[in-house]
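J.: following is a predicted model, sequence given first.
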Amino acid sequence: MDEVSRRNALFDPFGQLRDRDAEQAYQVSQMDRTRRRFRCVSAITGAGYLGGVYADATQISGEGLVLIVSARVLVGFFAASMFCSTLPRVTSLGWLGYSAMAYMSALMLSESFELHLKAATLLPDEMPISVFAVVLFYLTLPPKLWQSMVPGVLGAACYLAVLALGTNAPAGHVANTIISFALANGFGFFFAKLFGEARRGEFLALAELRRRAETDSLTGICNRRRLLELAHREFGAAKRYGHPCAVLMLDIDHFKQVNDRHGHAVGDAILVELARRCEDALREVDLFGRMGGEEFVMVMPHCGRQQAVAAAERLRRTVAERPFAGPASALGVTVSIGVAEVAPETASLDTLLQAADQALYEAKAEGRNRVCAFSCGGPAPKSDTGS
């Protein structure tokens, strides 16, 4: 696939990711940057547009001045609304985009209205400020590119209609203004799309690097580093708030013999299938990862010893009762599981993992294909023999 085809497969015509979930994740990741850009634009343009009252007073008087000042105040209100939309408590992707769209529309309509009131004093070579406003709003990179394009194009059309039909501007000036707005919208759209695609490409690349750094390359589940990172968080919450939490340590029985007899490719396939079965049997809130080799760990928040033992027994049966595909015939595979629960005496996650490892050792010593539980700080390990 060439570069153009790859980009077309990745981005839609507006520079957004075709994968809606990935696009949503990107927008959430950019929320703070978008807020800062919108805050800066609304403050500067709003203040500048309100400051234009001084120039109005030198060109218009009477009722016309009152009307144009009222229009500028209304635009200032929209600028304030856009500024408020950047506050974290009221910010949402939809609110940010639509507030920018409303502000830009108000600014373009106000410019058209001001042009109508100043028709008699219009300078032949005067360049409308709205041309720069169009480019500026494209470059704020709103959540959706069309939120800049719609008011930019329609606002330009409204301004040009007033210029051509409501003033005595010469044809040359009208033509130059049409070209200016066309360039503003064209270049604005092009660069906003280009910048948007570049930012999204960077986001996807970083997400992929993060995924590779946190995922076991063979099974696709959490690797040791990521699992321990998440497990520390759950252990801390369990100790802080006093809710139950259990750890299951699982090891495939006689896995070295499988590799020696059938080859590492078969062993890898068994690891992948085992990980899939375990993921299907666990809850969404449970953490599951590969510690290394044929050893896996499950962290089960809000789960006491009895529930953890039942879950471990369910996992054991899921593995033992369904043979795995082999090169010539189905292979029977079993696992041993050690269970440990957080207790008031549990000093650290390492202590909890050591207790689960000790329980796993007991399961191996008692014949494998079984579950053994150990309560940290409690009595000696107790074995629960599997069928």
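T.: That came in fine, so what should we check first? What you see is a predicted model; the values in this text were computed from it and never measured. Numbers count the residues shown, from 1 in each chain.

J.: going by C-alpha atoms from here, please, whenever you check contacts or count neighbours.
T.: Noted.

J.: output the contacting helices and strands for the one helix or strand Ala182 maps to.
T.: For Ala182, the element it lies in under DSSP states H and E is helix 171-214. Applying 3 or more C-alpha pairs under 8 Å, 6 or more residues apart in numbering; DSSP states H and E, one finds that helix 171-214 contacts helix 130-139, helix 146-166.

J.: which one of the ones you listed lies nearest to Arg226?
T.: The closest of the helices and strands packed on helix 171-214 to Arg226 is helix 130-139. By C-alpha to C-alpha, the value is 37.4 Å.

J.: buried set for that closest one?
T.: Ser130, Val131, Ala133, Val134, Val135, Leu136, Phe137, Tyr138, Leu139 (16 or more other C-alpha atoms under 10 Å).

J.: quick check: the third one vs Val299, distance?
T.: Going from Ala133 to Val299 by C-alpha to C-alpha, to the nearest Å gives 54 Å.

J.: Val75 against Ala47, yeah?
T.: No. Using C-alpha atoms under 8 Å, Val75 is not in contact with Ala47, being 10.0 Å away.

J.: out of the two, which sits in the busier spot?
T.: Val75 (27 against 15; other C-alpha atoms under 10 Å).

J.: what's the helix or strand for that one?
T.: Assigned by DSSP H and E, Val75 belongs to helix 63-84.

J.: tell me what that helix is packed against?
T.: Helices and strands touching helix 63-84, by 3+ C-alpha pairs under 8 Å, 6+ apart, are helix 31-51, helix 53-59, helix 93-117.

J.: mean pLDDT lowest where, among those helices?
T.: With a mean of 77, helix 53-59 has the lowest mean pLDDT of the helices and strands packed on helix 63-84.

J.: and that one, how far out from the chain middle?
T.: Distance of helix 53-59 from its chain centroid, counting by C-alpha atoms, centre = their mean, to the nearest Å, is 47 Å.

J.: neighbours around Cys264, how many?
T.: Just so we're on the same page, residue 264 is His rather than Cys. Neighbours of His264 under the rule other C-alpha under 10 Å: 13.

J.: as CSV, the helices and strands packed on helix 171-214 with distance to Arg316 would be great.
T.: CSV is the format used below for these (distance: least, C-alpha to C-alpha, whole Å):
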stretch, distance to Arg316
helix 130-139, 57
helix 146-166, 54
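
J.: including mean pLDDT and distance to Val53, could those go into a markdown table?
T.: Listed next are the helices and strands packed on helix 171-214 as a markdown table, based on pLDDT from 0 to 100; distance: least, C-alpha to C-alpha, whole Å:
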| stretch | mean pLDDT | distance to Val53 |
| --- | --- | --- |
| helix 130-139 | 88 | 16 |
| helix 146-166 | 92 | 20 |
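
J.: and Phe235, how close does it get to Ala343?
T.: Distance, Phe235 to Ala343, using C-alpha to C-alpha: 11 Å.

J.: which one of these two has more residues nearby?
T.: Set Phe235 next to Ala343 and count neighbours by other C-alpha under 10 Å: Phe235 wins out with 23 against 20.

J.: can you give me the pLDDT of the more buried one?
T.: For Phe235, the pLDDT comes out at 95.

J.: and Glu362, by the same measure?
T.: Glu362 is assigned 94 on the pLDDT scale.

J.: residues near it, how many?
T.: By other C-alpha under 10 Å, neighbour count at Glu362 equals 23.

J.: that one against Cys372, yeah?
T.: Yes. Contact criterion C-alpha under 8 Å: Glu362 and Cys372 qualify, at 6.7 Å.

J.: just to be sure, Val297 is in a helix?
T.: No. The assignment for Val297, made by DSSP: H, G, I helix; E, B strand; the rest coil, is strand rather than a helix.

J.: which strand residues bridge the spatially closest residue to it that is not a sequence neighbour?
T.: Sequence neighbours aside, Met249 is the residue nearest to Val297 in space, at 4.6 Å (criterion: C-alpha to C-alpha, 6 or more residues apart in numbering). Bridge pairing for Met249 (DSSP bridges) gives the partners Val297, Gly338.

J.: quick one, what contacts Met249?
T.: Met249 sits next to Glu295, Phe296, Val297, Met298, Ile337, Gly338, Val339, Leu353, Ala356, Asp357, Leu360 when contact means C-alpha atoms under 8 Å, 6 or more residues apart in numbering.

J.: circling back: what's the closest of the helices and strands packed on helix 171-214 to Gly326?
T.: Within these, the stretch nearest Gly326 is helix 146-166; the backing value is 54.5 Å (C-alpha to C-alpha).

J.: the closest one: how far from the chain's middle?
T.: Chain-centre distance of helix 146-166: 34 Å, with C-alpha atoms, centre = their mean.

J.: torsion angles phi and psi at Glu341?
T.: Backbone torsions for Glu341, taken as degrees, to the nearest 10, come to phi -120, psi 140.

J.: next one: the one 4 residues further on
T.: Main-chain torsions, Glu345, degrees, to the nearest 10: phi -80, psi -10.

J.: contacts only, for the nearest residue to Val134 once chain neighbours are set aside.
T.: Excluding its sequence neighbours, the residue lying closest to Val134 (C-alpha to C-alpha, 6+ apart) is Gly152, at 5.5 Å. By C-alpha under 8 Å, 6+ apart, the residues touching Gly152 are Met104, Ser105, Met108, Val134, Asn185.

J.: perfect, that will be all.
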